[in-house]
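>>> Build me a model from this:
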Amino acid sequence: MFAYFFKEMPVTQDTATSGLQRAIESVGGNQSRLARLCGVKPQSVREWIVKGSVPPKRAIQIEKLLGIPRKDLNPEIFGKG
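This next block holds a predicted model:
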């Protein structure tokens, strides 16, 4: 049921924030750990949080590594259609 809820959520900036928060939680709630996993500096992850969106390249990478749909990380690019 949980997966169904996120599948049916409207695609908004809040969706990206929620997707990013799930990514952070899935690596133990540590932004630095997510940054290391993605090969970026922790400051980059903080910028994603402020922007409310993950860059497309990183959204694809997080989807492959953690299984969080790219449309939940960057709905502006991947939520269309």
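>>> switch to C-alpha atoms for all contacts and neighbour counts from now on
OK.
>>> where's Trp48 relative to Arg33, distance?
Applying Cα to Cα, to the nearest Å, one obtains 14 Å for the distance of Trp48 from Arg33.
>>> Now do the top helix by length along the chain: everything it contacts.
Secondary structure assigned by DSSP state H gives helix 13-26 as the longest helix of the chain. Under the contact criterion Cα atoms under 8 Å, 6 or more residues apart in numbering, helix 13-26 has outside partners 9, 30-31, 33-34, 49, 52-54, 62, 66, 68-69, 71-76.
>>> filter those to the buried ones?
Buried residues within the contacts of helix 13-26, counting neighbours by 16 or more other Cα atoms under 10 Å: 31, 33-34, 49, 52-54, 62, 68-69, 71-76.
>>> Show me these that map onto strands.
Counting by DSSP state E, none of the members of these fall within strands.
>>> Could you identify the pair within these that is furthest apart?
Comparing every pair within those by Cα to Cα identifies Arg33 and Glu76 as the most remote, at 25.2 Å.
>>> just to revisit the earlier point, how far out from the middle of the chain is the longest helix of the chain?
A distance of 5 Å separates the centroid of the chain from that of helix 13-26, by Cα atoms, centre = their mean, to the nearest Å.
>>> worst-scoring helix or strand of this protein, pLDDT-wise?
The weakest-scoring helix or strand in the chain, judged by mean pLDDT, DSSP states H and E, is helix 2-8 (a mean of 41).
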